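[1] Fold the following for me, if possible:
(one chain, ligands or ions: 3)
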Amino acid sequence: MKVIIIGAGIGGLSAGIALKRIGHEVRIYEQVREIRPVGAAISVWSNGIKCLNYLGLEKQVAKIGGWLDAMAYVDGLSGETMTGFSLRPLIEQVGQRPYPVSRAELQLMLMREFGLEDISLGTKLVDLEDDGERVTARFEDGTSDTGALLIGADGAHSIVRRHILGAAPERRYAGYVNWNGLVAIDEALAPKGQWTTFVGEGKRVSLMPIAGNRFYFFFDVPLPSGLPNERAHYKSLLGGYFAGWAPPVHRLIERLDPDTTNRVEIHDIDPFMTWAKGRVALLGDSAHNTTPDIGQGGCMAMEDAVVLAITLQTNTLGIEDALVRYQNRRNERARELVLRARKRCDVTHAKDIAATQAWYDELRREDGSGIIRGIASNIESGPLG
Ligand SMILES: Cc1cc2nc3c(=O)[nH]c(=O)nc-3n(C[C@H](O)[C@H](O)[C@H](O)COP(=O)(O)OP(=O)(O)OC[C@H]3O[C@@H](n4cnc5c(N)ncnc54)[C@H](O)[C@@H]3O)c2cc1C
Ligand SMILES: NC(=O)C1=CN([C@@H]2O[C@H](COP(=O)(O)OP(=O)(O)OC[C@H]3O[C@@H](n4cnc5c(N)ncnc54)[C@H](O)[C@@H]3O)[C@@H](O)[C@H]2O)C=CC1
Ligand SMILES: O=c1[nH]c(=O)c2[nH]c(=O)[nH]c2[nH]1
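    Ligands and ions are numbered 1, 2, ... in the order given. The predicted structure follows:
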């Protein structure tokens, strides 16, 4: 059967690989001419890695993955470690190591595995029509294509979502700005095999190892939306926001390259349960746009891809029926994680200063088991356990 996928992000490519593996003919249409992922890296937690393993990418993802053995929270102002612990018990509990990876390397791995020849770049969907037997996608350049079903993996600003819901839901500003990028690993910043997060004043600075001796870094600062975005000022702005913070934070600000640093105003969308209509369904951020605060947006897109393929393969009452089953297997899980991320976002970024102070106090008492329980539950409640 011919499947059309809109969007060559993590979701669309994972779905494309999964659907090809069960024998479908798949074509992916992507609006941009050159794929330049927003964001430097991504932590793919064990539930996402299990999906990639299932798609046959076990060795390839391990090659681009950072080696994460430990985790620590550090008081951003004093530089004192609040809690530090091994992630070995998490890995043993869930059966798979998580891998922080460069987005560009993840994207390239997925594109190659899917097949570059089956991706049309520079082709933007502008309209679609489902006549009950076939779906026709129409593109900005005047071309069109027809398939038995269409998957809208077209991200947070999805056009396909408008077709499904009949309206565009509002994106909600989460209240903070995230700057992220890559720097060379140096123990003067943080220990190399550790995910280190400096916290204080409702702000945070985080460093995670990825392959190639690099740290993925991000800074979060609660700020109004719509402030000017000028690369030339990133260092001085961050220097000001983190005035009085410990020396490794200032070392990181000195070393970051503003030309390759990304600035993102963080948004999410209230969860909604309708992801399928006729022969069209949503997948990834188009279906569930989350804040990144539990590192699960991309992982959920991979889960969607695996569940979509299994559902289409194992149900025989027709495409429309299978797409509703896919929706019903995924929407509750996605709702739960979007709301969990929103809650963590609010605690981390001082929406209510007393709750944030209580979290800082909790971190000082933490031996790792509470945090591992939280992360493991995000992982184990996924479709591959
Ligand atoms: C700062 C930040 C940090 C994050 N960290 C993590 C993390 O650590 N772990 C994690 O799992 N997730 C993380 N995420 C979330 C993750 O980035 C997303 O969930 C993931 O990229 C979604 O993939 P997607 O394929 O659904 O959408 P996208 O990556 O947005 O891809 C959609 C694609 O569709 C294309 N497109 C859109 N409209 C059209 C159209 N009309 N026609 C053709 N093509 C179109 C776009 O150009 C794009 O390439 C983070 C997000 C942010 C913002
Ligand atoms: N159903 C379940 O098993 C779970 C439900 N929840 C929901 O959250 C509520 C409880 O929340 P909390 O007590 O705050 O527990 P939590 O699990 O959200 O957080 C506990 C600790 O783990 C950390 N943590 C959680 N996920 C993380 C991640 N991905 N990366 C880094 N650190 C992470 C938090 O910062 C916190 O310090 C429950 O009432 C429930 O609604 C949370 C986790 C598990
Ligand atoms: O920007 C991010 N914020 C987080 O809170 C987080 N957590 C995670 O695993 N990855 C990310 N990325």
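
[2] where along the stretch 51-200 of the chain do the strands fall?
    70-75, 81-86, 99-102, 119-120, 125-130, 135-139, 144-147, 149-152, 172-184, 194-200 (DSSP state E, counting those that start in this stretch).

[3] Show me which residues of the stretch 51-200 of the chain are close to ligand 3?
    By CB under 6 Å from any ligand atom, the residues of the stretch 51-200 of the chain that approach ligand 3 are N178. (Glycine included, C-beta is placed from N, CA and C.)

[4] For whatever residue of the stretch 51-200 of the chain ends up closest to ligand 2, list the residues it contacts.
    Going by CB to the nearest ligand atom, ligand 2 is nearest to M71 of the stretch 51-200 of the chain, at 7.4 Å. Contacts for M71 were tallied using CB atoms under 8 Å, 6 or more residues apart in numbering; they are G84, F85, L87, Q194, W195, T196, G368, I371.

[5] State the pLDDT value of it.
    Note for M71: predicted pLDDT of 98.

[6] Compute the distance between it and ligand 3, please.
    10 Å (CB to the nearest ligand atom, to the nearest Å).

[7] pLDDT at whichever residue of the stretch 1-150 of the chain sits closest to ligand 2, what is it?
    Using CB to the nearest ligand atom, the single residue of the stretch 1-150 of the chain nearest to ligand 2 is W45, 6.9 Å away. Confidence at W45, expressed as pLDDT, is 98.

[8] ok, it touching I375?
    Yes. Counting by CB atoms under 8 Å, W45 touches I375, with 7.0 Å between them.

[9] what about these two, which has more around it?
    W45 (25 against 21; other CB atoms under 10 Å).

[10] what separates that one from G202, distance-wise?
    According to CB to CB, to the nearest Å, W45 and G202 sit 24 Å apart.

[11] Please report how far E254 lies from ligand 3.
    Counting by CB to the nearest ligand atom, the gap from E254 to ligand 3 is 21 Å.

[12] Oh, that last question was meant for V347, not what I typed.
    V347 is 11 Å from ligand 3, by CB to the nearest ligand atom.

[13] cool, S377 as well?
    14 Å.

[14] OK, now which residue of the protein is nearest to ligand 3?
    Closest point on the chain to ligand 3, by CB to the nearest ligand atom, is G295, at 2.2 Å.

[15] Just give the nearest non-adjacent residue to that residue, would you?
    S43 (4.3 Å; CB to CB, 6 or more residues apart in numbering).

[16] how about the one helix or strand the one you found maps to, does it get close to ligand 3?
    Using DSSP states H and E, S43 maps to strand 41-44. Yes. Using CB under 6 Å from any ligand atom, strand 41-44 reaches ligand 3 at S43.

[17] Distance from the chain centre to that strand, please.
    7 Å (CA atoms, centre = their mean, to the nearest Å).

[18] Can you name every helix or strand that it contacts?
    Here strand 41-44 touches strand 99-102, helix 103-114, strand 203-210, strand 214-222, helix 297-314, going by 3 or more CB pairs under 8 Å, 6 or more residues apart in numbering; DSSP states H and E.

[19] ok, now with 7 Å
    strand 99-102, helix 103-114, helix 297-314 (3 or more CB pairs under 7 Å, 6 or more residues apart in numbering; DSSP states H and E).

[20] want to try a markdown table for those, with mean pLDDT and mean neighbour count as columns?
    Formatted as a markdown table, the helices and strands packed on strand 41-44 follow (pLDDT from 0 to 100; neighbours: other CB atoms under 10 Å):
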| stretch | mean pLDDT | mean neighbour count |
| --- | --- | --- |
| strand 99-102 | 98 | 24 |
| helix 103-114 | 97 | 19 |
| helix 297-314 | 98 | 24 |
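
[21] May I see the ones you listed arranged in CSV, with distance to H233 as well?
    Below are the helices and strands packed on strand 41-44 laid out as CSV (distance: least, CB to CB, whole Å):
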stretch, distance to H233
strand 99-102, 26
helix 103-114, 24
helix 297-314, 28
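
[22] What angle do strand 214-222 and the one helix or strand N331 maps to make with each other?
    Per DSSP H and E: N331 is located in helix 319-348. Angle of helix 319-348 versus strand 214-222, following axes from the mean of the first three to the mean of the last three CA atoms, to 10 degrees, is 70 degrees.

[23] If I follow the layout properly, Q31 ends up in contact with K124?
    Yes. At 3.8 Å, Q31 and K124 qualify as touching, with contact defined as CB atoms under 7 Å.

[24] Need the winner for burial among the strands of the stretch 51-200 of the chain.
    Comparing these by mean neighbour count (mean count of other CB atoms under 10 Å), strand 149-152 ranks first with a mean of 28.
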